[in-house]
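Pasting the sequence and the predicted model now:
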Amino acid sequence: MYSPPHAADSDSEGSLLSDVSASPPRRRSPPRPAPPPPPPPPPPKHRTRPAAPTKPKLKPTPPAASAPAPAPPPPPTLRAAALSDPHGLAARIAAGSALTAASGTASSSSFRRLVQSRRAPASSAPSEVPSAAPRPPPTAATDAPPQTRPKRVHPNSVSEVAAASAAAEQPKRARGGSEGNFVRLNINGYGRRRTFKNSQAKRSTKCRSWRRQRAAGATPRSQGDEEGDLVAEALLEREKQAASDSVLEAVESVREDPSEQNLKSLLNAAYGHDSFRQGQLEAIQQIVAGESTMLVLPTGAGKSLCYQVPAMILPGLTLVVSPLLSLMVDQLRKLPAFLPGGLLASSQTSDEFHDTLQRLRAGEIKVLFVSPERFLNEEFLLIFRDTLPISLVAIDEAHCISEWSHNFRPSYLRLRASLLRRKLNVQCILAMTATATTQTLEEIMNALEIPSDNLIQTSQIRENLQLSISTSDNRLKDLMLLLKSPPFVDMRSIIVYCKFQAETDFVSKYLCDNNITAKSYHSGLLIKNRSRVQELFCSNKIRVVVATVAFGMGLDKSDVEGVIHYSLPESLEEYIQETGRAGRDGRLSHCHLLLDSATFYKIRSLSHSDGVDGYAMSKFLYQIFSSENTTGCICSLAKELTSRKFDIKEEVLLTILTQLEIGDQQYIRLLPQFSVTCTLSEMKDGHYVFDIPRIANDLKITMNEVFDHLHKLKFSGEISFELKDPAYCYVILWRPDDFNALSANLTKWLSEVESSKISKLDAMFALANFAVKGCKRTGGCSGSQHTPCIQKKIMEYFSKDDGTSENDCRTQLQKSSPFLQADIKVFIQSNSFAKFTPRAVARIMHGISSPAFPSVTWSKNHFWGRYVEVDFPLVMEAAKAELARKEGVAVSILLQRKLLLGMRVSTPGTLSRRAG
Ligand SMILES: Nc1ncnc2c1ncn2[C@@H]1O[C@H](COP(=O)(O)OP(=O)(O)OP(=O)(O)O)[C@@H](O)[C@H]1O
């Protein structure tokens, strides 16, 4: 049996502890020692330009609106014709052309009422707000009953839940004001108001608390107290006014001359910082000069400032694309007071969405955060066409664009310069990331058409992190020992990263049982619980957060002193991102990795969960372009059903669809994702089930318009309805000429993406393995302390073209097993009811859940996860051979039977014919 090569590693607990404690601890009590001066950064491979003393004047930009932009006329998204039902939606519904009557009680009279209600006067037409935001949340499974107008939420809040998430972190006070992003100030000529919006809100809070005190029997406040409050408030107001005046002046100066001097004055006036950090000044100058820029700065280096400062200076809107809602909320909260911001996310309620839209149109928003999915929505893009000039699009976590990155997101694939230019007339793009290999950078810069000269890159490694690694056969025990020994024992804030959600719960419980205040954090928790954990951690009420990768992106707690990796990160990029949560205050911090080979095998197995066989790909393509999906019509694929049918994960389905849209030939145009099955209930007459895209096609209107109709009927009390079956929606533009070639190309591409993911994991494992076994412990490395050798390896990795490691970890994996073939045979025979593919069998042998073979059902099987240590392709090959053999046997049995049967059948016939 295979034994991991480092299982007998001599790195015992004792050495582990002594090694870790060899690094100097942080001082607990103030004053804390000054941070060690960071050593000069290693020379970047790419040019890091020194800040130019002066920069050319700003490139001509579209003129700033001198007054609030008037609300544009409503786009004709809701056609009056449609409203008066010329297409006879209801009549068609009644005729059952696109609808299944699920109840036999419906009568045509009910439809007459539907028709009448739809022939409403124009004044009762639904809002003129473009159907970029269909009234129902697109994927909402259930429609809430008609309500009175919901309470108005603050324009900067996403929803109460999301706001709670944002509240978890207190933004740093900007000198310009203390309200976070609640103060509005005209920087660009939009709405010349210098009002501090929430001063009123503050007063009312005070009044409320005073009223509460009074109600509770507290001593009433004297009139003098209240006067004192008013005076203090007036002073505060004046102070803010002065601060905002100085910011305005600084902005004007920069607009005239974006010199280093003027930008520093602005930095100081707006943020109170004395100087720019490395890369910031150069990036800002480049952007205000209208040049698209690729910015690679380490975690916590201050990338946000590089779009915030240009947003103050440039005349139009700054659009920030961000991958996570929580990240957007955090960033919105952290905008300085005088930069009014907003966000548009698919999880917003319709009211929140329309509110943001109104503020946007009124020119009250300077920085708008959006999710990449928004770019699917043509109507959303139309909002900006004529009325709202966009000066800058900043793409946060830009590595998500590249499928070769550690965190590829299909929705980012659509972010191309061509689209941004065509649809939004955007000339300047800023792409930001903390971690990207050369290959990833190239791909991002190609997609966004950023000239290679405009790359600003500093070292991706932070120098104030002490990095240590040790092998562990009992991670739980070793984690406890770490936490109870120096330097971790003295730390107030520690993050422990795990791979699996269940693991975080289990580990945090174990820590709590051992008197360490810990909480788990993962995306499976309710948002409010996640916010609570983040809040407790940020206010130092809990010492340890045990989290999955979900915790950390955008977490700006400056004094996290330690990060422990309980599980191996999936890539060096992830390792850097996660260790980067420590020491953001520049002080010495410690990061330790517990290395065990079992976790490596498990994660490596899981890396195979996205692969698709050529056979499944072909079938999926035939479904996309099936004959009933005619060119130009809206088509849909129910996510869950399709995923199960082809045994392809939903995210992979979306990746394939996106490729069909943005590849060399544009085959389809993706539409926003909607829930497409509508169950409509009339108040008296039963209910009907119908397909929204089909209705839209029949009526030749958009799906948004169908939703608007439904909502109008609902609000007039005629109907209620429920939506289900979230689906991918698209329009076919071009049918492939050669399905086989297209299928082969897509399969190959996905397989390359999978290999890249595995290479990244292998590189991470190789580095950790090298540290514990290969490192000679010279040049600064000793015991489990490996900062120099890890840094060196990381730099090598990021400077390579494809970011892969020389050390091929396949050598670590078992080549085969004598029992594999026999086990697969038994498995297939004992589950003869199931229709397996080789990949499906290999996944079960590796313990990987898939849509058609979920772990809920299959993990009980005796063979589940039995061969994780055998390379996945080998298991697949063995399964393929066995399935082929079985099929061969089946075919030969069939042939034999047919032969026998044929003889029996044909013999009399032959005889009779002969006889005839
Ligand atoms: N020039 C500066 N001087 C002092 N502090 C700064 C400067 N620039 C940014 N900061 C501070 O650095 C912290 C981190 O900034 P920011 O969140 O923008 O980092 P980031 O690069 O986006 O990190 P991550 O990649 O982890 O999200 C913030 O608290 C910010 O106020």
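Nice, I can see it. The structure presented is a predicted model; accordingly, all values stated were derived computationally and were not measured.

Once you drop chain neighbours, what's closest to residue 872?
Excluding its sequence neighbours, the residue lying closest to residue 872 (Cβ to Cβ, 6 or more residues apart in numbering) is residue 608, at 4.6 Å. Placement of C-beta: from N, CA and C, glycine included.

so the one you found touches residue 870, yeah?
No. Counting by Cβ atoms under 8 Å, residue 870 is not a contact partner of residue 608; they are 12.0 Å apart.

Break down the stretch 701-850 of the chain into its strands, ranges please.
Along the stretch 701-850 of the chain, counting by DSSP state E, counting those that start in this stretch, strands occupy 719-732.

pLDDT below threshold where in it?
The model of the stretch 701-850 of the chain has pLDDT under 70 over residues 801-816.

And for the chain?
1-243, 346-347, 386-387, 404-407, 554, 683-685, 801-816, 888-895, 898-916.

and whatever residue of the chain ends up closest to the ligand, which of the three is it?
Nearest residue of the chain to the ligand (Cβ to the nearest ligand atom) works out as residue 302 at 2.7 Å. Under DSSP: H, G, I helix; E, B strand; the rest coil, the three-state class of residue 302 is coil.

quick one: secondary structure of residue 679?
Secondary structure state of residue 679, per three-state DSSP, is strand.

For it, which residues are in contact?
Residue 679 makes contacts with 102, 687, 688, 689, 721, 722, 723, 724, as judged by Cβ atoms under 8 Å, 6 or more residues apart in numbering.

can you do 6 Å?
By Cβ atoms under 6 Å, 6 or more residues apart in numbering, the contact set of residue 679 is 687, 689, 722.

How about it: what's its closest non-neighbour residue?
Leaving aside its sequence neighbours, residue 679 sits nearest to residue 722 (Cβ to Cβ, 6+ apart; 4.7 Å).

Could you count how many residues lie near that neighbour?
Residues near residue 722, counting by other Cβ atoms under 10 Å, number 17.

now residue 528
Residues within reach of residue 528, counting by other Cβ under 10 Å, total 11.

Am I right that it sits in a helix?
Yes. Counting by three-state DSSP, residue 528 is found in a helix.

Ramachandran angles for the nearest residue to residue 547 once chain neighbours are set aside?
Of all residues not flanking residue 547 in the chain, residue 521 sits nearest, at 4.0 Å (Cβ to Cβ, 6+ apart). For residue 521, the backbone dihedrals (degrees, to the nearest 10) come out as phi -150, psi 120.

Same question for residue 337.
phi -50, psi -40.

One more: the one 4 residues further on?
With angles defined as degrees, to the nearest 10, residue 341 shows backbone torsions of phi -130, psi 170.

That one against residue 367, yeah?
Yes. Contact criterion Cβ atoms under 6 Å: residue 341 and residue 367 qualify, at 4.2 Å.

Could you pull out the residues contacting both of these two?
In contact with both residue 341 and residue 367: residue 335, using Cβ under 6 Å, 6+ apart.

okay, these two: which has more neighbours?
Set residue 341 next to residue 367 and count neighbours by other Cβ under 10 Å: residue 341 wins out with 28 against 24.

How about the residues of the stretch 251-400 of the chain by the ligand?
Listed as neighbours of the ligand in the stretch 251-400 of the chain under the rule Cβ under 6 Å from any ligand atom: 273, 276, 277, 280, 297, 299, 300, 301, 302, 303, 304, 305.

Which one of the residues you listed is nearest to residue 797?
residue 299 (16.5 Å; Cβ to Cβ).

State the number of residues packed around that closest one.
With other Cβ under 10 Å as criterion, residue 299 counts 23.

Report the spatially closest residue to it, excluding sequence-adjacent ones.
residue 580 (2.9 Å).

do you know how far residue 780 is from residue 836?
Applying Cβ to Cβ, to the nearest Å, the value for residue 780 to residue 836 is 53 Å.

the more surrounded of these two?
Neighbour count, other Cβ under 10 Å: between residue 780 and residue 836, residue 836 has more, with 22 against 11.

List the residues that contact that one.
Residue 836 touches nothing, counting by Cβ under 6 Å, 6+ apart.

What distance do you get for it to residue 739?
24 Å.

Using CSV, write out every CA atom in the helix or strand residue 694 falls within.
Assignment of secondary structure by DSSP states H and E places residue 694 within helix 692-699. Output in CSV follows, covering the C-alpha atoms of helix 692-699 (Å, rounded to 0.1, in the frame of the first residue of the first chain):
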residue,chain,number,x,y,z
ILE,A,692,-42.2,32.4,-19.7
PRO,A,693,-39.8,32.3,-22.6
ARG,A,694,-42.5,30.6,-24.7
ILE,A,695,-45.0,33.3,-23.9
ALA,A,696,-42.4,35.9,-24.7
ASN,A,697,-41.7,34.3,-28.1
ASP,A,698,-45.3,33.9,-28.9
LEU,A,699,-46.0,37.5,-28.1
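
From the contact counts, what lies against it?
Counting contacts by 3 or more Cβ pairs under 6 Å, 6 or more residues apart in numbering; DSSP states H and E, helix 692-699 is packed against strand 634-638, strand 668-682, helix 703-715.

To residue 425, which of these lies closest?
strand 668-682 (20.0 Å).

Which neighbours in the sheet does that closest one have, and how are they oriented?
The strands beside strand 668-682 in its sheet (DSSP bridges) come out as strand 687-691 (antiparallel), strand 719-732 (antiparallel).

Of all those strands, which one is nearest residue 674?
Per Cβ to Cβ, nearest to residue 674 of the strands paired with strand 668-682: strand 719-732, 5.8 Å.

before we move on, back to that, let me know which of the helices and strands packed on helix 692-699 is the nearest to residue 412.
The nearest among the helices and strands packed on helix 692-699, by Cβ to Cβ, is strand 668-682 at 13.3 Å.

orientation of the closest one relative to helix 703-715 in degrees?
Interaxial angle, strand 668-682 versus helix 703-715 (axes from the mean of the first three to the mean of the last three Cα atoms, to 10 degrees): 20 degrees.
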